[in-house]
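Peer 1: sequence first, predicted coordinates after that:
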Amino acid sequence: MPEGHLVHRTAREQAADLAGCRVHVSSPQGRLDTEALDGRVLSEVSAHGKHLLHRFEHGRTVHVHLGMRGLWLRYPDPAPPPRKGVRLRLAGRATYDLIAPTTCEVLTDRGVRELSGRLGPDPLRADSSAGEAVARLRASAAPVGAALLDQSVWSGVGNAWRAELLWLARLDPRTPAAELSEADVHRLWELARDFMTMGRDAGQVVSDAAAGDERWVYKRERCRSCGAPIRVEQLGGRTSYACPVEQR
DNA sequence: GTGGCATGGACAT
DNA sequence: TGTCCCTGCCACA
């Protein structure tokens, strides 16, 4: 569920409910020490790739990565008691409960910088450089379909976006990233920026502005465009979907 | 009701 | 490569 577009959407939602508030921070499950955070003013909620960052005014930041199974639950006030296993509860103008994240930790500003340093440009961040994004992808030794999932190359793209973006760009996922032209990669970056922005606003992967619920190739048996049987294979450790006719 | 898979990623091995 | 993360969804009994 949580590719970068949804993490950015969550950041926007939580900022509206929590930013500028003194937030009651607790860990009902007990696995996070929240003493340094409870009652502090939350200044900003932001996203970098699939990582969510809650920065507090005194210079501490909660870093959350949902992984495959994690989720946020939102409750308008008054919130019910937390269900079993809630790792983190943030209570401001509304209450958010965090369930089953891969990562939930408190970082200093230095820790945040180190995290950002490990992540490539994010198509949904205004401070990302297209030139750097193009250069990083073309510097990868991997097939473009594997490079796109490497969060140190570009951050925020997951398996569904990989499939749909490469179809939109008419690129074969198996093509070595280093063999792609600068123009091709620049176009791929612009597609990522434009469609992931639509996806963030719609709350789902959007690869056809006129048909937000449809996919071209991802998890399909046949290409939605030409009807060819989709080529399914493992690439970059995950299942890749591509149209063998249109993506050469 | 149950079991397998998955829109991640870190870590052990 | 396997395994964990207090999951959700779907197909199939």
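Peer 2: Right, received. Where do you want to start? Numbers count the residues shown, from 1 in each chain, chains lettered A, B, ... in the order given.

Peer 1: switch to C-alpha atoms for all contacts and neighbour counts from now on
Peer 2: Will do.

Peer 1: what about the closest residue to A:Ala139 other than its chain neighbours, how many neighbours?
Peer 2: In this structure, A:Ala139 finds its nearest non-sequential neighbour in A:Ala178, 5.9 Å apart by CA to CA, 6 or more residues apart in numbering. By the criterion of other CA atoms under 10 Å, A:Ala178 has 18 neighbours.

Peer 1: show me what contacts A:Ala178?
Peer 2: Neighbour list for A:Ala178: A:Leu137, A:Arg138, A:Ala139, A:Ser140, A:Ala141, A:Ala142 [criterion: CA atoms under 8 Å, 6 or more residues apart in numbering].

Peer 1: which of those has the most neighbours?
Peer 2: A:Leu137 (27 neighbours).

Peer 1: any idea how far A:Glu233 is from that one?
Peer 2: 21 Å (CA to CA, to the nearest Å).

Peer 1: and A:Leu107, by the same measure?
Peer 2: From A:Leu107 to A:Glu233 the distance is 38 Å (CA to CA).

Peer 1: over in chain A, which residue gets nearest DNA strand C? Let me know.
Peer 2: Closest residue of chain A to DNA strand C, CA to the nearest atom of the strand: A:Gly85 (3.3 Å).

Peer 1: briefly note if stretch A:218-237 comes near DNA strand C.
Peer 2: No. Stretch A:218-237 lies out of reach of DNA strand C by CA under 7 Å from any atom of the strand, never closer than 7.5 Å.

Peer 1: now find how far off-centre that stretch is within its chain.
Peer 2: Mean C-alpha position of stretch A:218-237 versus that of the full chain (CA atoms, centre = their mean, to the nearest Å) differs by 22 Å.

Peer 1: so who does the closest residue to DNA strand B within chain A touch?
Peer 2: Using CA to the nearest atom of the strand, A:Gly158 is the residue of chain A that sits closest to DNA strand B, at 2.9 Å. By CA under 8 Å, 6+ apart, A:Gly158 lies in contact with A:Glu3, A:Gly4, A:Leu148, A:Leu149.

Peer 1: so the third one touches A:Arg162, yeah?
Peer 2: Yes. A:Leu148 is within contact range of A:Arg162, at 6.4 Å (criterion: CA atoms under 8 Å).

Peer 1: neighbour count: the two, which is higher?
Peer 2: Neighbour totals were compared for A:Leu148 and A:Arg162, and A:Leu148 leads with 27 against 23 (other CA under 10 Å).
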